[in-house]
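Novice: structure of the sequence below:
(chains A and B)
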Protein chains: 2
Amino acid sequence: MRTLTPYVPGEQPTNRDVIKLNTNENPYGPSPSALEAIRAEATDSLRLYPDPNATTLKSALAERHAITPDQVFVGNGSDEVLAHIFQALLKHDDPVLFPDIAYSFYPVYCGLYDIRYATVPLDGAFGIHLDDYNRPNGGIIFSNPNAPTGCGLKLEAIETLLERNANSVVVIDEAYVAFGGETAVALIERFANLLIVQTLSKSHGLAGLRVGFAFGHPTLIEALERVKNSFNSYPLDRLAIAGAVAALQDSDHFDETRQRIIATRDRLIGELERLDFEVLPSQANFLFVTHPRCDAATIAQALRDRSIFVRHFDQARISDYLRITVGTDDEIDALLDALRAILV
Amino acid sequence: MRTLTPYVPGEQPTNRDVIKLNTNENPYGPSPSALEAIRAEATDSLRLYPDPNATTLKSALAERHAITPDQVFVGNGSDEVLAHIFQALLKHDDPVLFPDIAYSFYPVYCGLYDIRYATVPLDGAFGIHLDDYNRPNGGIIFSNPNAPTGCGLKLEAIETLLERNANSVVVIDEAYVAFGGETAVALIERFANLLIVQTLSKSHGLAGLRVGFAFGHPTLIEALERVKNSFNSYPLDRLAIAGAVAALQDSDHFDETRQRIIATRDRLIGELERLDFEVLPSQANFLFVTHPRCDAATIAQALRDRSIFVRHFDQARISDYLRITVGTDDEIDALLDALRAILV
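Specialist: Reported below is the predicted structural model:
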């Protein structure tokens, strides 16, 4: 445990005047009915433990995705869900495989649970090459759309991967799927080795509430429940359960806000390209960009000096890139003004 | 993982008409200012991640106990805090020691993290015998007051234990300390091997919010932070942080409700003894009782038939006992009426 290198999340500045485009939060916030449900739950009933099975939330998720509650697992943010997945399902003699450019929490979980892993290089365009996963493995995990690149993988490719790896658990982390990606949830009926992870953090503007979930075959879900119930019987508090259920039921708010983010993203791509940025194709609520003449770390620092936070990863292959969250139109305009000043 | 036997929490009936004396919840609920703080936090700001370090909560806890924030660890309920403690600090070649009658989650954590353990029998009066812990160990953990017995251990005994086990981490789980026990928090300044665990669940009527914490030497806290940050950067959501801070600041509500519970407990002891129950001395918000003529499981079922839930553990040495949470005076009167009817 003394050698663990923990995950380092993006900075959470306490100064509210900052334009915060560094941790992929949704600029439009949660459904008003979710806030109302939370306030309604803030009563004397907080003296009672929550439902350890979060039955109402599992039902709401099952209904939304036309699956059954025994295909649903819920946790205190998708990070907790992922942690349980690594511990319960991905520890084997063969290494778990994930892309070299991936969510940087994956190797941290492997360190925490002493799990063997191997990274598989993305191709030159940061795409996943299916053939590179044709090797003995103890599981496969990646995000779709991928983070921090934003690039998506087609469902047909995922089907092929599932067919080729029938004896491995394949985990698709769909934290960003709401913004143009294709969800693989429908495939869980056909593939008992598929596990989908999602979260309300980005899609429903509820990063501050900590609600994540997984969908898969009941056998996989049961394995996760066994670990969860050996760790913390009540990972979701009463307020989180109530707020999440109401957020899921407000599909109008969800649709409207994600369409706004997609529209702003498309506008931002055009404007950044006009400033000579190269912009990776994005299905997420962020862009991954590089500039041919100006160093990424320098741009990040210059933006920060103007109270605009974006994310720079000091990491092989991507140190020339910046990850920029799609904010409101006003925030994006301020970003573009700052970039124009910096790049002159 | 397939052989894990998870912890089984007390039942959470969905029927609100039940008199619920089975999971040691506080009958008086949280501070009104905690509820107000939660409602005030249920805003658009939920779109942002929480502070991963819960700085305001650590400061409030440090202030309350006259310690420093680097001596404080916080988590999503004391169950999560305990899980991290087992993983980070209690896995060694020598077994971790805990009483044979103890919080039944301890052996579950050992199963989850593949930790060796040995149980140490309590004496005939369910007391802890210090000499029984004079053996090589990878840590010692017990609750004080103990659960499910309610019996407390004196601070002098804990000091002796800490002196004798200078090379082991000694964890005192003070989930129930608010109701008449002696906290060992002051000892963390003198003993770098001491870790105290507490929770708002019982003491502050916030079981539904999931907030627990640990106090100890910064070196121990740092080890817990490393595991926590390799598991989930943001275990406490924004609502939990805000509610917990406000709850801790309302010491009047805390003092008044715990005094009421202590008074009701003392009255309940007398009434139960009048019904020929043997009642263990309790420093907790529950009583552990046995009846010389009537089987405990039978009483529990008869109470349940009257919509009164108490806890019976089908476990060696204590299967003749019932654990009864101290509820409101009205709830206790209903319990006593039911017992009089059952015991005729």
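Novice: and residue A:182, how many neighbours does it have?
Specialist: 17 (other C-beta atoms under 10 Å in any protein chain shown). Any C-beta I mention is one placed from the backbone N, CA and C, and that applies to glycine too.
Novice: give me the neighbour count for the closest residue to it other than its chain neighbours.
Specialist: In space, residue A:182 comes closest to residue A:155 once its chain neighbours are excluded; the distance is 5.0 Å by C-beta to C-beta, 6 or more residues apart in numbering or on different chains. Here the number of neighbours of residue A:155 (other C-beta under 10 Å) works out to 16.
Novice: show me the contacts for residue A:155.
Specialist: The contact partners of residue A:155, taken as C-beta atoms under 8 Å, 6 or more residues apart in numbering or on different chains, are A:182, A:184, A:187.
Novice: then residue A:243?
Specialist: Contact analysis of residue A:243 by C-beta under 8 Å, 6+ apart lists A:30, A:34, A:35, A:37, A:38, A:41, A:206, A:209, A:211, B:42, B:46.
Novice: repeat that for residue A:280.
Specialist: When the contact criterion is C-beta under 8 Å, 6+ apart, the partners of residue A:280 are A:126, A:149, A:150, A:151, A:287, A:288, A:289.
Novice: nearest spatial neighbour of the third one, chain-adjacent residues omitted?
Specialist: When you say that, I think you mean residue A:150. Going by C-beta to C-beta, 6+ apart, residue A:150 has residue A:282 as its nearest residue, at 3.3 Å.
Novice: isn't that neighbour up against residue A:146?
Specialist: No - in terms of C-beta atoms under 8 Å, residue A:282 does not count as a neighbour of residue A:146; the distance is 9.9 Å.
Novice: give the contact list for the nearest residue to residue A:46 once chain neighbours are set aside.
Specialist: Of all residues not flanking residue A:46 in the chain, residue B:208 sits nearest, at 4.0 Å (C-beta to C-beta, 6+ apart). Taking C-beta under 8 Å, 6+ apart as the criterion, residue B:208 is in contact with A:45, A:46, A:47, A:48, A:49, A:50, A:237, A:238, A:239.
Novice: try it again with 7 Å
Specialist: Going by C-beta atoms under 7 Å, 6 or more residues apart in numbering or on different chains, residue B:208 touches A:45, A:46, A:47, A:48, A:49, A:50, A:237, A:238.
Novice: before we move on, the earlier item: of the contacts of residue A:280, closest to residue B:343?
Specialist: Using C-beta to C-beta, residue A:150 comes nearest to residue B:343 of the contacts of residue A:280, at 68.9 Å.
Novice: so is that closest one in a helix, a strand, or just coil?
Specialist: Secondary structure assignment for residue A:150 (DSSP: H, G, I helix; E, B strand; the rest coil): coil.
Novice: what residues sit buried inside the helix or strand containing residue A:223?
Specialist: Following DSSP states H and E, the helix or strand that holds residue A:223 is helix A:218-228. Going by neighbour count (16 or more other C-beta atoms under 10 Å in any protein chain shown), the buried part of helix A:218-228 is A:220, A:221, A:223, A:224, A:225, A:226, A:227, A:228.
Novice: read off the pLDDT value for the nearest residue to the second one once chain neighbours are set aside.
Specialist: Spelled out, it's residue A:221. Taking C-beta to C-beta, 6+ apart as the measure, residue A:221 lies nearest to residue A:73, with 4.9 Å between them; neighbours along the chain are not counted. The predicted structure scores residue A:73 at 98 on the pLDDT scale.
Novice: got a list of what residue A:73 touches?
Specialist: A:81, A:213, A:214, A:221, A:224, A:225.
Novice: got phi/psi on the second one?
Specialist: Torsion angles at residue A:213 (phi, psi; degrees, to the nearest 10) stand at phi -160, psi 170.
Novice: same question, the first one
Specialist: Geometry field for residue A:81 lists phi and psi as phi -60, psi -50, criterion degrees, to the nearest 10.
Novice: does it touch residue A:214 like I think?
Specialist: Yes - distance between residue A:81 and residue A:214: 5.2 Å, which falls inside the contact criterion (C-beta atoms under 7 Å).
Novice: between these two, which contacts overlap?
Specialist: A:73, A:197.
Novice: now whichever residue of the stretch 1-150 of chain A sits closest to chain B. Nearest residue, chain neighbours left out?
Specialist: Here the stretch 1-150 of chain A gets closest to chain B at one residue, residue A:6, 3.3 Å apart by C-beta to the nearest C-beta. Of all residues beyond its chain neighbours, the one nearest residue A:6 is residue B:229 (3.3 Å), with distances taken as C-beta to C-beta, 6+ apart.
Novice: can you get me a residue count around the one you found?
Specialist: The local packing count at residue B:229 equals 22, with neighbours defined by other C-beta under 10 Å.
Novice: could I get the pLDDT score of it?
Specialist: Here the pLDDT value assigned to residue B:229 is 97.
Novice: would you check how far apart it and residue A:24 are?
Specialist: With the distance defined as C-beta to C-beta, to the nearest Å, residue B:229 ends up 19 Å from residue A:24.
Novice: where does residue A:212 fall, phi/psi-wise?
Specialist: Backbone phi and psi, for residue A:212 under degrees, to the nearest 10, turn out to be phi -130, psi 170.
Novice: again, but for residue A:145
Specialist: phi -60, psi 150.
Novice: can you list the residues of the stretch 151-300 of chain A near chain B?
Specialist: Taking C-beta under 7 Å from any C-beta of the partner chain, the part of the stretch 151-300 of chain A that reaches chain B is made up of A:205-210, A:223, A:226-227, A:229-235, A:237-240.
Novice: if you set the cut-off to 6 Å instead, what comes out?
Specialist: A:205-210, A:226, A:229-234, A:237-239 (C-beta under 6 Å from any C-beta of the partner chain).
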